[in-house]
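>>> This is the structure alone, sequence omitted:
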């Protein structure tokens, strides 16, 4: 006899996703990309976060434009969901024509998240948190092969009124 597919607990998913509510809104500020030797690239950064599918999905879009000429230098889109079966948050992130899937973890203080990706020899680790002042800060480090991690990106954005 075939096993019946597991039925998702929609209310458990919504309750878990509600814990990410601190991110929802429109944010703007600055970011710095450190893409190798030389000076970092300074960006005007925006983050827009909204719930979709009646609170079951969180959509995060980040756009960084160079201060020098306003051209997009960083464009990323993340889709976050909660798997009530495994009790984990999952994120699919799109950037530069690629996508990656990863687990996303809520920080103990309930006001931040952490995630990372691995692609071949490249590994990243990111931490986003809301400061006491209410700003969104994010730090991404990158490691290639056996090299120690290096700062890749840092940003600070404030919620738009």
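Right, received. Where do you want to start? Treat the numbers as computed from the prediction; the structure is a model and nothing was measured. Numbers count the residues shown, from 1 in each chain.
>>> what about the strands in this protein?
Per DSSP state E, the chain carries strands over the ranges 25-33, 41-52, 57-66, 72-83, 88-95, 98-106, 112-119, 122-130, 136-144, 150-159.
>>> For the first one, give the mean pLDDT please.
Mean per-residue pLDDT for strand 25-33: 96.
>>> Name the strands paired with that strand and say parallel or antiparallel.
Each strand paired with strand 25-33, and its direction, by DSSP bridges: strand 41-52 (antiparallel), strand 150-159 (antiparallel).
>>> Equivalent analysis for the fifth one, please.
Note on strand 88-95: by DSSP bridges, its sheet partners are strand 72-83 (antiparallel), strand 98-106 (antiparallel).
>>> List the buried residues for that strand?
89, 91, 93 (16 or more other Cβ atoms under 10 Å). Bear in mind the C-beta positions are built from the backbone N, C-alpha and C, glycine included.
>>> How about residues contacting it?
Identification of contacts with strand 88-95 by Cβ atoms under 8 Å, 6 or more residues apart in numbering yields 16, 20, 74-83, 99-106, 113, 115, 117.
>>> got the angle for that strand vs strand 112-119?
Orientation of strand 88-95 against strand 112-119 (axes from the mean of the first three to the mean of the last three Cα atoms, to 10 degrees) gives an angle of 60 degrees.
>>> re the thing from before, with the buried residues of strand 88-95 in mind, which one is nearest to residue 29?
residue 93 (20.2 Å; Cβ to Cβ).
>>> Under the pLDDT cut-off, which ranges of this protein? List them.
1-2, 4 (pLDDT under 70).
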